[in-house]
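1. Here is a sequence with its predicted model. Questions after.
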Amino acid sequence: MLASMSPARAGDIPAQVSQESLDAPTFDVVQISGFLDGIVADYIEKSISRAERSGSGGLILQVNSTHSVIDDERLVELAEAISASEVPVYAWVGPSGSKAEGGVAQLVATTDELAVTIGSHFGKTGDLVIPEEFFMPAFVAAADALADGTVNEQGVIEIGLADRDSPTLGFFALDLPGFVSEIDTSGDAAVRVPVSAIRFSKLSVFDGWMHSFASPAMAYLLFLIGAALLIFEFYTAGIGIAGAVGAFCFVIGSFGLDVLPTRTWALALLVIAMLGYAIDVQTGVPQLWSVIATLALVVGSLFLYEGTSLSWITLLAGILGISMSMISGMPAMIRTRFGTPTIGREWMIGSMGAAAEDIKKEGVVVIDGAPWKARVNRTTPIAKGDPVRVVSIEGLYLEIEPEEGGARDYRDMRGGSE
């Protein structure tokens, strides 16, 4: 009878319960989205422990994840934690359009009860890495069919993984063992309403950021942006905001690529691409290295990840954005911002300037009001503000010496000697 009155209001579970229902157990919900990485794996284990300590009626995993990037041993440890849990663990694949695939689908199949909402899918489990004793019996029977295929909300019922429709999380929770509900007859029709409370939890702010940074698109774009900004900073004088932001993006992007199933050879192509662009940025004109870099960037981007691919929007942003900025944007920016009329003119040799900072080996000097990267041609340190003389130009660097105690310019030595 209760099932026939399953509610129109079950989707909205109240955050608070009435005074007379204080004894009703609370159920916990943990959302699993994006790839199943080490951060999410730790979070699941902590959520199980927290549910046990609080006397929860059950832990519900709300799943929308298509790939596991943790190793097989760690996946088995999670299955063991679910099996050994003192509170029941359930899984609901939703909301509509969600998926549970790969190692995530295997983990979901170790829970006490599974449901898939309308428009969502479960399957593509691949080769099983979790021992069979942890799985639902119905999943073991259907494992071969699910290895390369998926089932929808009706499919999980037909193969025995679920015994009822669960279009919303509220409907799924209402029929879980221990979940308390009551009949509300205050309206035109009697409806079943929840009494047990639902407690949602999510990753901490820091863990949430790191989980987002480890997503395929974010890791790819951050790595490229960071490398581009570091190259830009290398061709300018001093260390500025671009260098700091570039270093941050590069480190975070590298963290994401390390967590994800990244192909080493494809990542090597991205590194070659950035180095190739850097060579032609120095010349200011696209040449052979720009062509090589673009080819390496395209191939490396297309095959960067194993078992998953980047969206075309992400690929366009990465390939077109980086290639255009490195071929045309960055050389023009460097010439405009840091170029001076003395570039390429030999009469700079012998010019006087001042150290913009303390210099032991390399640093920045100011010549005719413009900053330049410079190297000291001897071991004598130069203090900030000390006058310096340019003795030669080597690529992007001025070779300098202190005014006092430095060798005389060759033009001053003509016509006589001491």
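-> Structure received. Residues are numbered from 1 along each chain as shown.
2. Count the neighbours of residue 168 for me.
-> By other C-beta atoms under 10 Å, the residues close to residue 168 number 19. (Each C-beta comes from the backbone N, C-alpha and C, glycine too.)
3. ok, so what distance separates it from residue 95?
-> Remark: distance between residue 168 and residue 95 (C-beta to C-beta, to the nearest Å) = 8 Å.
4. shared neighbours of those two, anything?
-> Residues touching both residue 168 and residue 95 by C-beta atoms under 8 Å, 6 or more residues apart in numbering: residue 117.
5. Low-confidence stretches in this structure?
-> 1-22, 236-239, 282-285, 329, 331-347, 378-379, 395-396, 405-418 (pLDDT under 70).
6. give me every residue that touches residue 162.
-> 113, 114, 115, 116, 153, 156.
7. And what about it, helix, strand or coil?
-> Following DSSP: H, G, I helix; E, B strand; the rest coil, residue 162 is assigned to coil.
8. before we move on, the earlier item: which among the contacts of residue 162 end up buried?
-> Neighbour-count burial (16 or more other C-beta atoms under 10 Å) is assigned, among the contacts of residue 162, to 113, 114, 115, 116, 153, 156.
9. tell me which of these is nearest to residue 369?
-> Of all the buried ones among the contacts of residue 162, the one with the least separation from residue 369 (C-beta to C-beta) is residue 116, at 68.5 Å.
10. Show me the beta-bridge partners of that closest one.
-> Taking DSSP bridges as the rule, residue 116 bridges to residue 93.
11. Who are the packing partners of the helix or strand where residue 171 lies?
-> In the assignment (DSSP states H and E), residue 171 maps to helix 169-174. Other helices and strands packing on helix 169-174, by 3 or more C-beta pairs under 8 Å, 6 or more residues apart in numbering; DSSP states H and E, are strand 58-64, strand 89-93, strand 191-194, strand 198-201.
12. hey, C-alpha coordinates of the last one in CSV?
-> Think strand 198-201. Extracted as CSV, the C-alpha positions of strand 198-201 are listed here (Å, rounded to 0.1, in the frame of the first residue of the first chain):
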residue,chain,number,x,y,z
ILE,A,198,19.5,13.2,4.4
ARG,A,199,22.9,14.7,5.1
PHE,A,200,24.9,15.7,2.1
SER,A,201,28.7,16.1,2.3
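13. Return the list of helices and strands in contact with it.
-> With contacts taken as 3+ C-beta pairs under 8 Å, 6+ apart, strand 198-201 sits against strand 27-33, helix 169-174.
14. any chance of these in CSV, plus mean neighbour count?
-> Conversion of the helices and strands packed on strand 198-201 to CSV gives the following (neighbours: other C-beta atoms under 10 Å):
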stretch, mean neighbour count
strand 27-33, 21
helix 169-174, 22
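15. now those as CSV including distance to residue 47?
-> Listed next are the helices and strands packed on strand 198-201 as CSV, based on distance: least, C-beta to C-beta, whole Å:
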stretch, distance to residue 47
strand 27-33, 5
helix 169-174, 16
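16. for the ones you listed, which one sits closest to residue 188?
-> The closest of these to residue 188 is helix 169-174. By C-beta to C-beta, the value is 20.6 Å.
17. so residue 212 touches residue 37, yeah?
-> No - look at residue 212 against residue 37 with C-beta atoms under 8 Å: they stay out of range, at 10.7 Å.
18. Among the two, which residue is more densely surrounded?
-> residue 37 (22 against 15).
19. Return the distance of that one relative to residue 69.
-> Going from residue 37 to residue 69 by C-beta to C-beta gives 5 Å.
20. from the helices and strands packed on helix 169-174, which stretch is densest packed?
-> strand 89-93 (a mean of 26; mean count of other C-beta atoms under 10 Å).
21. Against residue 311, how distant is residue 90?
-> Residue 90 is 31 Å from residue 311, by C-beta to C-beta.
22. Same question for residue 136.
-> For residue 136 relative to residue 311 (C-beta to C-beta), the value is 33 Å.
23. go on, residue 194?
-> 38 Å.
24. Same question for residue 25.
-> Applying C-beta to C-beta to residue 25 and residue 311 gives a distance of 42 Å.
25. neighbour count winner among these two?
-> More crowded of residue 25 and residue 311, by other C-beta under 10 Å: residue 25, with 16 against 10.
26. Make CSV out of the buried ones among the contacts of residue 162 and add distance to residue 123.
-> Output for those, formatted as CSV (distance: C-beta to C-beta, whole Å):
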residue, distance to residue 123
113, 17
114, 12
115, 14
116, 10
153, 12
156, 9
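27. got the angle between whatever helix or strand residue 48 lives in and strand 27-33?
-> Using DSSP H and E, residue 48 sits within helix 38-54. Angle, helix 38-54 to strand 27-33, by axes from the mean of the first three to the mean of the last three C-alpha atoms, to 10 degrees: 180 degrees.
28. Let me know how buried residue 99 is, in neighbour terms.
-> So residue 99, with other C-beta under 10 Å, has 20 neighbours.
29. Could you check how far it is from residue 127?
-> 19 Å.
30. again with residue 210
-> 29 Å.
31. same check, this time on residue 272
-> Applying C-beta to C-beta to residue 272 and residue 127 gives a distance of 34 Å.
32. So those two - more neighbours on which side?
-> residue 272 (17 against 8).
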